[in-house]
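Trainee: Got a predicted model here, sequence first, then my questions.
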Amino acid sequence: MAFPWRKLGRRYGISRQSFYEYRRRLWAEGTSGLQPRSRRPTNSPGQTADEVESLIVRLRVDNPRWGARILQTKLKQAGLDPVPAVSTVHRVLSRHGLVNRQEQRTPKAWKRFERHAPNDLWQIDGTQVALADGSKAWIVDLIDDHARFAIGAHAVRRFTAQAAWAAMETAVLEHGAPRQLISDNGLQFRSRKGHKPVHFQERLAALGVSQLNSRPRHPQTCGKLERYHRTFKEYYADHGPALSIEALQHLCDAFRWHYNHERPHRSLEQQTPAAVYTVSRKASPTDDRRVSSAPRVLKVSSAGSVNFRRRKINIGQAYSGEHVRVIDGPEHVMIHHAGTGEILRQLVLGPVGTYHGSGAKRGRPSKPSIEG
């Protein structure tokens, strides 16, 4: 008589194949063979290599504030090939318990703005921190609107107009004067309506720098600097508190170097602020921006050219299908690769309808003119 496996399967909810598998295990291993087993495959060809996983974990442990995107950029800079995807890096961090779960928030639809060139606009403001003895100190920070480059950081006890100007003066000596400077309406930066200009205003006007002010109760105007303050305070929580103003200044200088030269920035397509700040010509107080415009991002055609202001400009067929950023400055047009920031061309535009080849000439008509 055949074994009633159908009746047994219906009673215990198992298939014929499962029944024979359990019987084989029972005969081969005894009752221990009936314990549940993992369904994990015996090998995973697509699994991240152990040495890569160890490198990701080590970088994260050494830099607890770095997320998966920055870690991926660091792996790329280290010459790793192939580079794991951001999602893969995140899964590695999750496996090792290195990800802090955060509440999901719906991002606000902000429209981002940035100036066309370095030094066209700086942002300035102060932020307060506590020293080791519990006393308060201020840091006057400046940041470039185009490159998010940290122009300066000045640690002081009191946030006065003289302290604000000391930070500004140090930044100007190091990087040159900007065309414009924006701040909030604090008395350190400007006087009340009808009153004599404060020290900061007088010195700024002497340099020829145009002063702008944000709208009251609207911190988004200086949002890049507000975000910089948040990043610094995370760094300060890890490396502080400072014992003195001098120690605080040392921490500010160390963080500024790390932020500008080592930390990739997501809004800069994972480039560092220093790389973006140094690639373009700097603006100055003497620039006349009336003849300039905001940069335009254009796609290179299959022929290797772009159309800009009714002129055709050759970029090279090697860049077909890629995007470039075209900056129309007061003296010449500059074309950067939108991804790497590399300067591809710098030229003076010819008349409307001209073709600008790969040479340095001003441009020639794309078609001979026909006079009727």
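Mentor: Right, received. Where do you want to start?
Trainee: Only C-alpha atoms from now on, for both contacts and neighbour counts.
Mentor: OK.
Trainee: quick one: the helices in this protein?
Mentor: Assigned by DSSP state H, the helices in the chain fall at 5-12, 16-29, 50-62, 68-77, 86-95, 161-175, 199-207, 223-239, 245-257, 273-279.
Trainee: in the longest one, what's buried?
Mentor: Using 16 or more other Cα atoms under 10 Å as the burial criterion, the residues of helix 223-239 that qualify are 224, 225, 226, 228, 229, 232, 233, 235, 236.
Trainee: ditto for the fourth one
Mentor: Residues 68, 69, 70, 71, 72, 73, 74, 75 are the ones in helix 68-77 that count as buried (16+ other Cα under 10 Å).
Trainee: next one: the fifth one
Mentor: For helix 86-95, burial by neighbour count (16+ other Cα under 10 Å) applies to 86, 88, 89, 90, 92, 93.
Trainee: re the thing from before, turn the buried residues of helix 223-239 into JSON lines, including pLDDT and distance to residue 47.
Mentor: As requested, the buried residues of helix 223-239 are exported to JSON lines (pLDDT from 0 to 100; distance: Cα to Cα, whole Å):
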{"residue": "224", "pLDDT": "90", "distance to residue 47": "39"}
{"residue": "225", "pLDDT": "91", "distance to residue 47": "40"}
{"residue": "226", "pLDDT": "91", "distance to residue 47": "40"}
{"residue": "228", "pLDDT": "94", "distance to residue 47": "37"}
{"residue": "229", "pLDDT": "94", "distance to residue 47": "39"}
{"residue": "232", "pLDDT": "95", "distance to residue 47": "36"}
{"residue": "233", "pLDDT": "94", "distance to residue 47": "37"}
{"residue": "235", "pLDDT": "93", "distance to residue 47": "33"}
{"residue": "236", "pLDDT": "95", "distance to residue 47": "37"}
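Trainee: Among those, which one lies nearest to residue 267?
Mentor: Set against residue 267, the nearest of the buried residues of helix 223-239 by Cα to Cα is residue 224 (10.5 Å).
Trainee: which residues does that closest one contact?
Mentor: 143, 145, 148 (Cα atoms under 8 Å, 6 or more residues apart in numbering).
Trainee: Endpoints of stretch 280-287, how far apart?
Mentor: 15 Å (Cα to Cα, to the nearest Å).
Trainee: again, but for stretch 147-158
Mentor: End to end - Cα to Cα - stretch 147-158 spans 29 Å.
Trainee: neighbouring contacts of it?
Mentor: Contacts of stretch 147-158 (Cα under 8 Å, 6+ apart): 118, 136-144, 163, 166-168, 170-171, 175, 224, 245-246, 248-249, 252-253, 256, 259-260, 268, 273-274, 276-277.
Trainee: What mean pLDDT does it get?
Mentor: Here stretch 147-158 scores 95 as its mean pLDDT.
Trainee: With stretch 304-313 instead?
Mentor: Mean predicted lDDT for stretch 304-313 stands at 87.
Trainee: can you list the buried residues of helix 223-239 in a markdown table and add distance to residue 31?
Mentor: Supplementary listing: those in a markdown table, determined by distance: Cα to Cα, whole Å:
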| residue | distance to residue 31 |
| --- | --- |
| 224 | 66 |
| 225 | 67 |
| 226 | 65 |
| 228 | 63 |
| 229 | 64 |
| 232 | 61 |
| 233 | 60 |
| 235 | 57 |
| 236 | 59 |
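Trainee: Which one of those residues is nearest to residue 33?
Mentor: Among the buried residues of helix 223-239, and counting by Cα to Cα, the member closest to residue 33 is residue 235, at 53.9 Å.
Trainee: With adjacent residues omitted, what lies nearest to the closest one?
Mentor: Sequence neighbours aside, residue 255 is the residue nearest to residue 235 in space, at 7.4 Å (criterion: Cα to Cα, 6 or more residues apart in numbering).
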